[in-house]
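Visitor: following is a predicted model, sequence given first.
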Amino acid sequence: MKKILIIGGGFAGLSAAGRLCKSGLGLDVNLIDKKEENDFLPLLPDVVGRGIRPQCLAYELKNASRHLGFGFINEEVISISPQKREVSTRAGKLIYDYLIIASGSETNFYGNDNIKKYAYKLDDINDGRKIIRALREEAFNNFIIGGAGYTGIELATNLRLFLERNKKPGKIVIVERQESILGPLPLWMKDYVLGNLKRLNIDILTNSTIEHIEEGNISVSGKRIFNQAMVVWAAGVKTADFIQDLNVEKNPQGRIKVDDYLRLDENCFVVGDAAYFSYKNSYLRMAVQFAIAQGNCAAGNIINSIKVRQLHSYKPIDFGYIIPMANNKSCGKIIGLNLKGYAPTVFHYIMCFYRSYGVRNKFGILKT
Ligand SMILES: Cc1cc2nc3c(=O)[nH]c(=O)nc-3n(C[C@H](O)[C@H](O)[C@H](O)COP(=O)(O)OP(=O)(O)OC[C@H]3O[C@@H](n4cnc5c(N)ncnc54)[C@H](O)[C@@H]3O)c2cc1C
């Protein structure tokens, strides 16, 4: 019986596990995750603003294991050896015939221990819970968000919604190292988002960096000090440490370069945020739609490989993207159409409802 290991029970890992378990080949499929549950990340900022209950975003991997028929191992992977076909956790070593690395990405503090110690982040539902608890229990004057990418902007708008709903004052500032927000996105989108942030009384400091945090005081670019401040760091992501330690070709975030079939080598596939897939002279961005499709494709290729059939190259289909903002003035590009306002907001929540796991979670999201 072929042994298949999947690292990560996120969108990519569960998609792969589902296809492998339904293959009818009687495979020995095991999924390893350091968490006990799958967290529905696209709605994490809504835990802060819209009051979505964090438990509605968590889907027990034990349930997924029972439902789909894979073995679940609740451990953190600390290293892998593709040469020995071996995965190490603190509980011991596991060997595989095929491996799928689907370990996603996490906040990158770029080695700054001061920011890591004092800033909040938004990697999983526990991070969402911590932010909410702090907002309820502590008195902040300032809310400083590091990074003007999708997550930073969405979170800033959700913080404003939280403050409005709870009739609390507070200055919200997004600090961005680059000269403009939202990196490579089109100018019309940046302008639209800037206009909306202004309307929500959210300031942007570009060409600026958060330098030091101490006892709630934050210095930005050596000149401005914000006191009694909450800092949330959303200024970049990296792959898991065991990938950072691997001596293979990677991009600066540590995403592993894969071939057309999503392989690192003949027995090891890499999918979702952990994979660096060349696309249209650049690379594929991190998004749920690609993670699900890649998990499915890698699983299909493992099945083909076992059946000694031709592998299928992964051909991305890009349905577009949305920058959700909590006052329902979102924007995005869906199947080639530029959208602003209420329509992309509705589209975002329909997709989230559709893609979230478990009937109870879906209804929990719907109720909010
Ligand atoms: C706040 C936020 C909002 C987002 N909003 C959107 C959105 O609106 N639309 C969109 O398309 N995308 C969005 N994304 C991005 C999207 O969530 C990711 O692209 C997607 O989750 C990637 O799926 P994945 O399966 O590769 O990784 P993940 O879903 O991150 O799953 C990785 C899994 O691997 C596990 N893992 C990691 N390291 C180890 C280890 N060493 N050992 C064992 N297990 C490990 C983790 O615990 C996790 O369960 C958002 C992300 C965030 C953080």
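Guide: Thanks, I have it. Residues are numbered from 1 along each chain as shown.

Visitor: and the strands in the stretch 51-200 of the chain?
Guide: In chain order, the stretch 51-200 of the chain shows strands spanning 58-60, 71-73, 77-81, 86-89, 92-95, 98-101, 106-107, 142-146, 171-175, with DSSP state E, counting those that start in this stretch as the criterion.

Visitor: can you report how many residues neighbour Y342?
Guide: Around Y342 sit 11 other residues, with neighbours defined as other Cβ atoms under 10 Å. To be clear about C-beta, it is placed using only N, CA and C from the backbone, and glycine gets the same treatment.

Visitor: quick one: contacts for it?
Guide: Shown here is Y342, whose contacts under the criterion Cβ atoms under 8 Å, 6 or more residues apart in numbering are 328-330.

Visitor: which stretch among the strands of the stretch 51-200 of the chain comes nearest the ligand?
Guide: Evaluated with Cβ to the nearest ligand atom, those place strand 77-81 nearest to the ligand, the distance being 3.7 Å.

Visitor: from the chain's centroid, how far away is the closest one?
Guide: How far strand 77-81 lies from its chain's middle: 21 Å, per Cα atoms, centre = their mean, to the nearest Å.

Visitor: and stretch 39-46, by the same measure?
Guide: Average the C-alpha atoms of stretch 39-46, do the same for its chain, and the two points are 9 Å apart (Cα atoms, centre = their mean).

Visitor: got the end-to-end distance for that stretch?
Guide: End-to-end span of stretch 39-46 (Cα to Cα, to the nearest Å): 13 Å.

Visitor: can you list contacts of it?
Guide: With Cβ under 8 Å, 6+ apart as the test, stretch 39-46 has contacts from 10, 52, 57-59, 122, 124-125, 127-128, 151, 154-155, 157-158, 288, 324, 326, 348, 351-352, 355-357, 361, 365, 368.

Visitor: can you pull the pLDDT of the closest residue to the ligand within the stretch 201-350 of the chain?
Guide: The ligand sits closest to G272 of the stretch 201-350 of the chain, with a gap of 2.1 Å, by Cβ to the nearest ligand atom. At G272 the predicted local confidence, pLDDT, stands at 98.

Visitor: any idea which residue of the stretch 51-200 of the chain lies closest to the ligand?
Guide: Closest point on the stretch 51-200 of the chain to the ligand, by Cβ to the nearest ligand atom, is G104, at 2.4 Å.
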